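In: Requesting a structural model of the entry that follows:
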Amino acid sequence: MGSLGPTPSTNSRGENDHLPHKEKHLSDMDQDLDAGALFVLKSKGSWMHCGYHLTTSIVAPPLLSLPFAFTFLGWAAGIMCMVVGALVTFYSYNLLSLVLEHHAQLDRRHLRFRDMANDILGPRWGRYFVGPIQFMVCYGAVIACTLLGGQCMKAIYLLSEPNGTMKLYEFVIIFGSLMLVLAQIPSFHSLRHINLISLFLCLAYSTCATAGSIHIGNSSKGPKKDYSPKGDTESQVFGIFNAIAIIATTYGNGIIPEIQATIAPPVKGKMFKGLCVCYTVLIATFFTVAISGYWAFGNKSEGLLLSNFLDDGKPLVPKWFILITNLFTILQLSAVGVVYLQPTNEVLERTFADSNSKEFSTRNVIPRVVSRSLSVVVSTLVAAMLPFFGDINAVIGAFGFMPLDFILPVVFFNLTFKPSKRSLVFWLNVTIAVVFSALGVIAAVAAVRQIVLDAKNYKLFANV
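Out: Below you'll find the model as predicted:
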């Protein structure tokens with residue numbers, strides 16, 4: 001895949017041609033970087049650091065919803081959708097990386113998704129389409145992580161205090177307080193060690209989820225295995241597209257350019273290595289959790305697999321096992337949340353910071369702390385108010401992750417490299433764009449329909 005596109009080495013600025021590539025890039029770029037790019041998107045990382053960031057942004061606790069997606073799709077369609085999702089996203093992310101490398105070699109390194117859209121599609125696309133969609137996706141992911149973190153904390157609490165009186169929104173606020181601290185970490189590159197720990201955490205809770213499912217599935221405690229679709233024909237049809245949106249959201253990233261921006265130049269080939277690290281972990285976690293969870297619980301699989309480990313509050317596995325699995329999940333959720341805060345942090349830094357002052361000067365530190373804290377407070381408040389955010393997340397997946405991760409990469413590649421219309425690559429890319437555009441529209445309709453059906457159960461600050 002690394003050879004899909006040409007890799008021209010022409011320098012569009014004739015000056016500084018006598019300097020090594022890395023020095024030339026840095027001398028050109030640093031002169032006109034805004035504060036967001038200069039302070040948040042520091043280009044200092046290696047391909048291994050890139051792998052850590054990618055793994056945290058993709059292999060996240062939403063993978064625990066994959067057995068639930070299977071309840072609408074069944075065995076054959078469920079596994080097929082997961083395989084297609086893995087192949088298409090790996091391919092699309094690699095294409096996006098090749099486009100970024102191409103522009104970097106032309107001395108126009110893009111550090112943000114909207115920069116790519118501005119250059120390739122035009123400034124209106126970057127300002128009014130790609131920028132807002134990416135912000136919606138990333139900030140929505142922060143809200144979802146905060147809500148899920150609160151739910152996991154509540155699950156631990158109820159294990160020790162079955163009749164406890166604490167409400168879900170209280171745990172959401174506690175998790176939001178943790179996010180408030182982590183949000184102050186200055187740059188994306190500063191998260192590399194946290195994201196290495198996150199990589200092991202996702203392996204840990206996925207292993208626990210798989211082991212717990214197999215244990216319950218082999219015991220008499222679990223539900224009777226039934227793999228037949230739920231609901232009437234209409235519900236089954238819309239459920240299929242809702243499941244596709246769930247899987248797309250699980251594979252979604254939305255911040256590939258920002259992650260590649262953390263790599264020290266020259267960037268050629270490094271993103272591909274990082275993707276290989278990420279997808280090795282992805283295959284080891286996604287498929288084991290999805291298959292073991294659906295095998296154990298069938299069409300009774302919950303939206304969060306860990307909920308199946310309790311039967312009317314009674315643990316089906318040892319309490320310590322549920323506790324440690326939820327603890328691993330909570331810790332990784334904090335890392336995932338802070339990763340998806342980076343595009344927001346970059347916008348805030350670009351707006352309020354001064355690139356001519358030092359990063360840790362009083363002039364920059366005070367606006368940084370205030371703006372980032374307000375950002376986390378708002379996301380925590382929304383998560384506490386709207387504990388049914390899972391339904392909204394399906395809409396975000398359809399409107400957000402589908403365009404950013406399945407459609408735009410192939411469009412960017414064809415517009416940048418202009419492959420022959422007789423070539424396989426051109427028609428493969430066109431097919432992906434058309435198919436996933438149609439799926440995105442249908443999945444969005446299915447997700448909105450589900451919100452309408454569930455609206456009667458919605459209540460602000462509900463204790464679900």
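
In: what about stretch 295-315, start to end distance?
Out: For stretch 295-315, the first and last residues are 19 Å from each other (C-alpha to C-alpha, to the nearest Å).

In: buried sites along that stretch?
Out: Within stretch 295-315, the residues that count as buried by 16 or more other C-beta atoms under 10 Å are 295-302, 304-306, 308-310. In this view, the C-beta of every residue, glycine as well, is placed from N, C-alpha and C.

In: excluding its backbone neighbours, what's nearest Ala104?
Out: Val267 (5.5 Å; C-beta to C-beta, 6 or more residues apart in numbering).

In: Are we agreed that the one you found is in a helix?
Out: No - per DSSP: H, G, I helix; E, B strand; the rest coil, Val267 lies outside any helix segment and is coil.

In: C-terminal to the helix or strand of the chain with the lowest mean pLDDT, what's the next element?
Out: Sorting the helices and strands of the chain by mean pLDDT, DSSP states H and E puts helix 21-29 at the bottom, at a mean of 43. For helix 21-29, the following helix or strand on the C-terminal side (DSSP states H and E) is helix 35.

In: can you list the buried residues of stretch 295-315 in TSV and add pLDDT?
Out: As requested, the buried residues of stretch 295-315 are arranged in TSV below (pLDDT from 0 to 100):
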residue	pLDDT
Trp295	96
Ala296	95
Phe297	94
Gly298	93
Asn299	91
Lys300	92
Ser301	92
Glu302	89
Leu304	88
Leu305	92
Leu306	91
Asn308	92
Phe309	92
Leu310	88
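
In: Quickly name whichever of the residues you listed is closest to Ile392.
Out: Leu304 (15.7 Å; C-beta to C-beta).

In: Show me the shaky parts of the stretch 251-400 of the chain.
Out: Along the stretch 251-400 of the chain, segments meeting pLDDT under 70 span 389-390, 393.

In: In it, mark out all the strands, start to finish.
Out: 310-311, 314-315 (DSSP state E, counting those that start in this stretch).

In: quick one, which of these is nearest to Gly126?
Out: Going by C-beta to C-beta, the one of the strands of the stretch 251-400 of the chain nearest Gly126 is strand 310-311, 46.2 Å.

In: residues in contact with the closest one?
Out: By C-beta atoms under 8 Å, 6 or more residues apart in numbering, the list of residues contacting strand 310-311 from outside reads 155, 221, 316, 322.

In: from what I can see the last one touches Leu305, true?
Out: No - no contact is recorded between Ile322 and Leu305 when judged using C-beta atoms under 8 Å, the distance being 11.6 Å.

In: quick one: average confidence on the helix or strand Met48 falls within?
Out: Here Met48 is covered by helix 47-58, with elements defined by DSSP H and E. Average pLDDT, helix 47-58: 96.

In: And the host helix or strand of Ser177, what does it pack against?
Out: Using DSSP H and E, Ser177 sits within helix 168-182. Where contact means 3 or more C-beta pairs under 8 Å, 6 or more residues apart in numbering; DSSP states H and E, helix 168-182 is packed against helix 131-160, helix 319-340, helix 362-385.

In: The helix or strand just after it vs helix 131-160, what angle?
Out: Using DSSP H and E, the helix or strand that follows helix 168-182 in sequence is helix 192-218. Interaxial angle, helix 192-218 versus helix 131-160 (axes from the mean of the first three to the mean of the last three C-alpha atoms, to 10 degrees): 50 degrees.

In: Distance from helix 192-218 to the middle of the chain?
Out: 17 Å (C-alpha atoms, centre = their mean, to the nearest Å).

In: quick one: low-confidence parts of the stretch 1-150 of the chain?
Out: 1-32.

In: still on that earlier bit, right, and the helix or strand after the helix holding Met48?
Out: helix 66-105.

In: Let me know the angle separating that following helix from helix 47-58.
Out: With the same axes, to 10 degrees as the basis, helix 66-105 and helix 47-58 are set at 140 degrees to each other.

In: how distant is helix 66-105 from the center of its chain?
Out: Put simply, helix 66-105 sits 12 Å off its chain's centre (C-alpha atoms, centre = their mean).

In: Show me which residues of that helix are buried.
Out: 66-74, 78-79, 81-82, 85-86, 88-105.

In: Alpha carbons of stretch 92-104, as CSV, please.
Out: Below are the C-alpha coordinates for stretch 92-104, written out as CSV (Å, rounded to 0.1, in the frame of the first residue of the first chain):
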residue,chain,number,x,y,z
SER,A,92,-8.0,5.0,3.7
TYR,A,93,-5.7,6.1,6.5
ASN,A,94,-2.7,5.0,4.5
LEU,A,95,-4.0,7.1,1.5
LEU,A,96,-4.4,10.1,3.8
SER,A,97,-0.9,9.6,5.0
LEU,A,98,0.5,9.4,1.4
VAL,A,99,-1.3,12.7,0.5
LEU,A,100,0.2,14.4,3.6
GLU,A,101,3.7,13.1,2.8
HIS,A,102,3.3,14.4,-0.8
HIS,A,103,2.5,17.9,0.4
ALA,A,104,5.2,17.8,3.0
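
In: hang on, the earlier thing: which among the contacts of strand 310-311 count as buried?
Out: Here, 16+ other C-beta under 10 Å leaves 155, 316, 322 buried among the contacts of strand 310-311.

In: between those residues, which is nearest Thr280?
Out: Ile322 (27.8 Å).
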